[in-house]
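K.L.:
Coordinates only, no sequence provided:
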């Protein structure tokens, strides 16, 4: 199995099996939403699209952020703990984020598309193994011009180690997330929109035993929680 890396700039060229990673916080938050009973999550690229789809879809809810901050009019922000204790059984969520959903929307040439974070890493690996691809591309959505999204690259390193059948030392990988520029925001008292609790939820490795495959229905992208 061959492994490649891509970013938001070039993931549109990736073919075969593509894994879009957003640890802080889009696909961690999505995993907690599925654990609260959400049936499916529609991934979109813009705030306007998300709000219009909610208007057109009775019972749908919208979650996400713009540049990490809550969006006026959205039902949920980009925070995993907000789903604690909720029963959203059967509900459709529409998700728009600055990095994670953009990676999924832009990966148009993928034959098999999955979303992942540390929260469901081992389940993602099992899903990839069932596909038995010759090549896997990890999309590091946190990468920005002038810097590497080490929080997502650390998760990609973990996934790759598991796929190679090699032991992975988790502690250094999680420290990379904590010490990344996005990770440090969660310990900065001056940034209340990045609570420390969110970081701990995002670092709960293999909290969930489902993969999150993304499937196309025409131009729409729907993500599901799938154990098999």
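P.N.:
That came through, no problem. Remember, predicted model here, so these are calculated numbers, not experimental data.
K.L.:
Could you identify the helix or strand that succeeds the lowest-mean-pLDDT helix or strand in the chain?
P.N.:
For the chain, scoring each helix and strand by mean pLDDT, DSSP states H and E identifies helix 181-185 as the least confident one, at a mean of 93. Read in the C-terminal direction, the helix or strand following helix 181-185 is helix 196-202, with elements assigned using DSSP states H and E.
K.L.:
Look at the closest residue to residue 203 other than its chain neighbours and report its pLDDT.
P.N.:
Distances taken as CB to CB, 6 or more residues apart in numbering place residue 174 nearest to residue 203, at 5.3 Å, with adjacent residues excluded. Quick note: C-beta positions are derived from backbone N, CA and C, even for glycine. Looking at residue 174, its pLDDT is 98.
K.L.:
looking at it, residue 174 is touching residue 200, isn't it?
P.N.:
No. When contacts are counted by CB atoms under 8 Å, residue 174 is not listed as touching residue 200 (10.4 Å).
K.L.:
Might you report the residue contacts of the closest residue to residue 82 other than its chain neighbours?
P.N.:
Closest residue to residue 82 apart from its sequence neighbours, by CB to CB, 6+ apart: residue 76 at 5.7 Å. Counting by CB atoms under 8 Å, 6 or more residues apart in numbering, residue 76 makes contact with 33, 61-64, 82-83, 93.
K.L.:
hmm, try it at 7 Å
P.N.:
Residue 76 makes contacts with 61, 63, 82, as judged by CB atoms under 7 Å, 6 or more residues apart in numbering.
K.L.:
Of the residues you listed, keep whichever come out buried.
P.N.:
61, 63, 82 (16 or more other CB atoms under 10 Å).
K.L.:
Now flag whichever of the residues you listed is closest to residue 188.
P.N.:
Sorting these by distance to residue 188 puts residue 82 at the head of the list, at 20.1 Å, by CB to CB.
K.L.:
Pretty sure the closest one sits in a strand.
P.N.:
No. When DSSP: H, G, I helix; E, B strand; the rest coil is applied, residue 82 is found to be helix, with no strand at that position.
K.L.:
Now do residue 179 against residue 105, distance only.
P.N.:
Using CB to CB, to the nearest Å, one gets 29 Å for the distance from residue 179 to residue 105.
K.L.:
what about these two, which has more around it?
P.N.:
residue 105 (21 against 12; other CB atoms under 10 Å).
K.L.:
surely the more buried one meets residue 42?
P.N.:
No. Shown here, residue 105 and residue 42 do not form a contact pair, counting by CB atoms under 7 Å, at 10.7 Å.
K.L.:
For residue 159, what is the enclosing helix or strand?
P.N.:
With the criterion set as DSSP H and E, the secondary-structure element containing residue 159 is helix 150-163.
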